[in-house]
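**Student:** Coordinates for the following, if possible.
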Amino acid sequence: IEKFEKEAAELGKGSFKYAWVLDKLKAERERGITIDIALWKFETPKYFVTVIDAPGHRDFIKNMITGTS
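**Tutor:** Okay, the predicted model is just below:
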């Protein structure tokens, strides 16, 4: 997280440090929006967890539908 915090701060987007865990595209980071769907899976001793980051901006709804279907 420290790496993402530093990179986000350098672009004047310090509050986006957690979003950058899944937002990998340069355009996503520059614009501050999710463009393409991303997921991250991990497990704890009790649970299997899948975090899905999907576009919410109307210009990228097609990406969200394609990625989640």
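**Student:** Where does the residue lying closest to S15 once chain neighbours are set aside sit, in terms of helix or strand?
**Tutor:** Among residues not flanking S15 along the chain, A8 sits closest, at 7.5 Å (CB to CB, 6 or more residues apart in numbering). (Glycine included, C-beta is placed from N, CA and C.) Element membership of A8, judged by DSSP states H and E, is helix 2-10.
**Student:** list the buried ones in that helix?
**Tutor:** F4, A8 (16 or more other CB atoms under 10 Å).
**Student:** Can you name the next helix or strand after that helix?
**Tutor:** Sequence-wise, the next helix or strand downstream of helix 2-10 (DSSP H and E) is helix 26-31.
**Student:** just how off-centre is that next one within its chain?
**Tutor:** Distance, stretch centre to chain centre, for helix 26-31: 10 Å (CA atoms, centre = their mean, to the nearest Å).
**Student:** going forward, begin numbering at 10 instead of 1
**Tutor:** Understood, numbering begins at 10; the last thing we discussed is helix 35-40.
**Student:** and it, which residues are buried?
**Tutor:** For helix 35-40, using 16+ other CB under 10 Å, the buried residues are E37, R38.
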